[in-house]
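Asks: What would the 3D arrangement of this be:
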Amino acid sequence: MIVKISVLKITIYDDLISKYENKIELPCNLKVGDVFYVSKLEKPDNLCNSAWETLYPFIKDLLNGKGNFF
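Replies: Numbers count the residues shown, from 1 in each chain. Now for the predicted structure:
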């Protein structure tokens, strides 16, 4: 099985970032239209760590035949 990750929208909340986030030196440099493929539980090249950490539980479930998250 292969899981396709597509960047559909990027939203940045500068007000919340400045209030709650630690300064990130290397933020994600994703662009709308970027596509990544995952067939094993390995982070694709060029996908930032924070995006991978967020998506990992969903990708793991999809690769194990689960779905219908919402």
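Asks: how close does Asn29 sit to Asn46?
Replies: As for Asn29, its distance to Asn46 is 8 Å (criterion: C-beta to C-beta, to the nearest Å). Just so you know, the C-beta spots here come from the backbone N, C-alpha and C atoms, and that holds for glycine as well.
Asks: For this protein, which residue occupies the most central location?
Replies: In the chain, the residue lying closest to the centroid (C-alpha atoms, centre = their mean) is Ala51, at 3.0 Å.
Asks: what residues are up against that one?
Replies: Counting by C-beta atoms under 8 Å, 6 or more residues apart in numbering, Ala51 makes contact with Cys28, Leu30.
Asks: how about the helices of this structure, start to end?
Replies: In the chain, the helices defined using DSSP state H lie at 14-20, 49-63.
Asks: The longest one: which residues count as buried?
Replies: It stands for helix 49-63. If you call a residue buried by 16 or more other C-beta atoms under 10 Å, then helix 49-63 has these buried ones: Ala51, Trp52, Leu55, Ile59, Leu62.
Asks: Not counting sequence-adjacent ones, nearest residue to the last one?
Replies: To tie it back to what came earlier, the one meant is Leu62. Nearest non-adjacent residue to Leu62, counting by C-beta to C-beta, 6 or more residues apart in numbering: Val3, 5.0 Å away.
Asks: pretty sure that neighbour is touching Lys60, no?
Replies: No. Between Val3 and Lys60 there is no contact under C-beta atoms under 8 Å: 9.4 Å.
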